[in-house]
Every structure is written in structure tokens, then in C-alpha cells.
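Participant: Have a look; sequence and predicted model below, questions after that.
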Amino acid sequence: MAKFRRTTRALVAALIDDPFYQSITVDCGVDIDARCSVLARYFEYSLEEAERTGRCIVYEDPTVGAAAWLLPRTAEVAMAESAAKAAYLVELLGPRGWDHYRRIIEFMSSRSAPLVPSGAWYLTIIGVHPEAQRRGIGEGLLWPTLAEASQAGAYAFLETFRPRSLAFYERVGFARVAEFAEPTAKAQYALMRRAP
């Protein structure tokens, strides 16, 4: 899993303080190096998954950032991907981290299901290294896939625990659909959707 190693460092720097990622790395305790290592491996797996079954957009300088999308999959592919990811994350995250991940995903999935149209494209990760933010790079990472989704007549959606990101997502056409208090991460998050 060395292909995205330089990019994962940017994602760790951009997202390490996100309540979701803090919650799933709980088994690292206060060891920041361990937390960074676990998150780098998590992001590397996620980028590879997006490359296999969605869209993985890496900035021209891979140390700057990336966006990972999951697109609709057949039931067979979804089941195989889910089983492989669970096996990987159980080992990577540790018992409490895996339990947190599973509970957060179940909570969020149950809330998004009635609010997101079937066949929607899911923006699962976007991150730009803090030193490169506020230069339009994030929007540049999103536009190609958003244009492709629109051309395909597909909705796009995302969930974010970061209130300061809301305006960014609104600039590229997402609208807040709902907000929820997620009990495991103990944080509010917004569900956002973009029409084709």
C-alpha cells in the first residue's frame, strides 16, 4: 500500500482533528505518532478503495491532498468490499476503535438512507494539507467528479463534522439537508447533498 503514502501525510495533517478520526483512533490514546500512523494506513486503504470502486483524485503534487469518492456498486461488489474493509480495520483500529467506527457508520448510514437518493455518489474523504489550503485546491479536487456526476444525472452527498467546511461545500453546490448529534464521536455533523 505504498502508492498513496505521500498523499496520506497531507490527509493526516488536514483531518487529524476531525471528531470522526479522533474517535476511531481511540486505541492510540495520547500517542500522536501512533494516531498519525493509523490514520495514514486508514487513508491509504480508503484511497485504494476509491480507486477500485469510485473515483480517487490526487492533486498534481501528491503531497498536497486528495479526494475519494465511492460510487454505486453491485450488491456482490459492495459485500466483498465491506468484508475486506472490516477485516482490515478490525486489525488496524483495535477493539475500541473498530467498535467506534462500526457504531458511527451504522448511525450515519441509518440517517442518510431516507435523505439520499438511490445511486448517489458519496464523497467519503477530501483533504488538503493545511499549508496549501485557501488556494482553490479543494474545489479543484472536487470539480471533475462533480461534473461527471452531473453529466450522469447522479446526486452527490457527504457528511462533515467540521462546521468550518460548510461554506466550502456550499460553494461547490452542496446544500445542508440535515444535522445530527452523533453519540459515539459526541459531535454534530451535517449531511449535505448536491443535485445533478
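Facilitator: Perfect, thanks for sending it.
Participant: Could you list the low-pLDDT ranges of the protein?
Facilitator: Residues of the chain that meet the criterion pLDDT under 70 lie in 1.
Participant: Could you export stretch 14-26 as CSV, CA atoms only?
Facilitator: Provided in CSV are the C-alpha atoms of stretch 14-26 (Å, rounded to 0.1, in the frame of the first residue of the first chain):
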residue,chain,number,x,y,z
ALA,A,14,-5.7,18.1,7.2
LEU,A,15,-8.0,15.8,9.1
ILE,A,16,-6.4,14.6,12.3
ASP,A,17,-8.5,16.9,14.5
ASP,A,18,-11.8,15.7,12.9
PRO,A,19,-14.1,14.1,15.6
PHE,A,20,-14.6,11.0,13.4
TYR,A,21,-10.9,10.3,13.0
GLN,A,22,-10.2,11.1,16.7
SER,A,23,-12.9,8.6,17.7
ILE,A,24,-11.7,5.7,15.5
THR,A,25,-8.1,6.1,16.7
VAL,A,26,-9.1,6.0,20.4
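Participant: in that stretch, what's buried?
Facilitator: Buried positions in stretch 14-26, judged by neighbour count with 16 or more other C-beta atoms under 10 Å: 14, 15, 16, 18, 19, 20, 21, 22, 23, 24, 25, 26. The C-beta positions use only the backbone N, C-alpha and C, and glycine is treated the same way.
Participant: Equivalent analysis for stretch 144-154, please.
Facilitator: Judged by neighbour count (16+ other C-beta under 10 Å), stretch 144-154 contains these buried residues: 145, 146, 149, 154.
Participant: same check, this time on stretch 186-196
Facilitator: 187, 189, 190, 191, 192, 193, 194.
Participant: cool, stretch 48-67 as well?
Facilitator: Residues of stretch 48-67 classed as buried: 49-50, 53-59, 62, 64-67 (neighbour count, 16+ other C-beta under 10 Å).
Participant: These: which two are farthest apart?
Facilitator: 53 and 64 (23.9 Å; C-beta to C-beta).
Participant: Would you map the strands across this protein?
Facilitator: Assigned by DSSP state E, the chain shows strands spanning 54-58, 65-70, 121-128, 156-160, 175-182, 187-194.
Participant: can you list these in CSV and add distance to residue 76?
Facilitator: Listed next are the strands of the chain as CSV, based on distance: least, C-beta to C-beta, whole Å:
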stretch, distance to residue 76
strand 54-58, 16
strand 65-70, 15
strand 121-128, 19
strand 156-160, 23
strand 175-182, 30
strand 187-194, 27
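Participant: Of all these, which one is nearest residue 111?
Facilitator: Closest of these to residue 111 is strand 175-182, at 5.4 Å (criterion: C-beta to C-beta).
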